[in-house]
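S.K.: my questions are about this predicted structure, shown below with the sequence.
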Amino acid sequence: MFELFLFIDPLCKACRNSENTVLQISEDVDSKFKLQFIPIYNLKVVQTDFCNSNNQLKKRLSSEELSALYRNVVLDYKAALFQGMKKGRKFLTAIQDKLLTEGYIYSDEMAIEIAKKCGLDVEMFKEDRRSNLAKKSIKKDQDLVQNMKIEKPASAVIFNCEGNDDGILTDDIEYSTLFNACCDKNLTPEYLKDALSESSLKETKMKHLRVLK
């Protein structure tokens, strides 16, 4: 069984594409697969287009408007997650598509309408979306960002749950890179340590992977 954490800027088109890549891998890998999208919510991510995705929101909105938008989207996502991982991911990708692809302006009404379409209990969603529990969940996510030494969005950490507690961190969210990491039974943290130290050839092939303690 694999567990994969994808750390994202929730209002970035490149990160949205990374989500699609990871979702596809979770369907294609012949193993049990636990997947979590973790929004990075801090001032740097709000203000910086880390993925060079020509983020129009960050160009168009004021700092105050952008901060409020991030806060609302992340809180709504956490509230949706309380009703299940799959429903939470479905809600997140739907609201991202509305804002990033279709150009809608965020509103409470839009969030609630998306919650309905995603099969959420709307009354529960309304109750949870600005709750202290949602705020605490965001704080736990940011602690995870720190603990896993995530430096930028569109980074993933993969754990082989049948191995040890070390994970493999990559900032190369390409289908082949992640698929091979999840399918290659030899690609354990121990193997990776040896491979990265043995030769420049192997280092070149695996330069986007590193062991996470």
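M.R.: Right, received. Where do you want to start? None of the values given here were measured: they were computed from a predicted structure.

S.K.: quick one, what contacts residue 23?
M.R.: 35, 89 (C-beta atoms under 8 Å, 6 or more residues apart in numbering). C-betas here are computed from N, CA, C, even on glycine.

S.K.: isn't there a helix covering it?
M.R.: Yes. Judged by DSSP: H, G, I helix; E, B strand; the rest coil, residue 23 forms part of a helix.

S.K.: tell me the mean pLDDT for stretch 28-47?
M.R.: Averaging pLDDT along stretch 28-47 gives 89.

S.K.: and what of stretch 86-102?
M.R.: In this model, stretch 86-102 has a mean pLDDT of 96.

S.K.: run through who's touching it.
M.R.: For stretch 86-102, the external contacting residues (C-beta under 8 Å, 6+ apart) are 10-13, 16, 19, 23, 35, 37, 57, 69, 73, 76-78, 80-82, 104, 106, 110-111, 114-115, 117-120.

S.K.: just the ones of these in helices?
M.R.: 13, 16, 19, 23, 57, 69, 73, 76-78, 80-81, 110-111, 114-115, 117 (DSSP state H).

S.K.: ok, the nearest residue to residue 26 once chain neighbours are set aside - contacts?
M.R.: What sits nearest to residue 26 in space, not counting adjacent residues and going by C-beta to C-beta, 6 or more residues apart in numbering, is residue 33, at 4.4 Å. By C-beta under 8 Å, 6+ apart, the residues touching residue 33 are 1-2, 4, 25-26, 182.

S.K.: any idea how far residue 33 is from residue 182?
M.R.: With distances taken as C-beta to C-beta, to the nearest Å, residue 33 is found 8 Å from residue 182.
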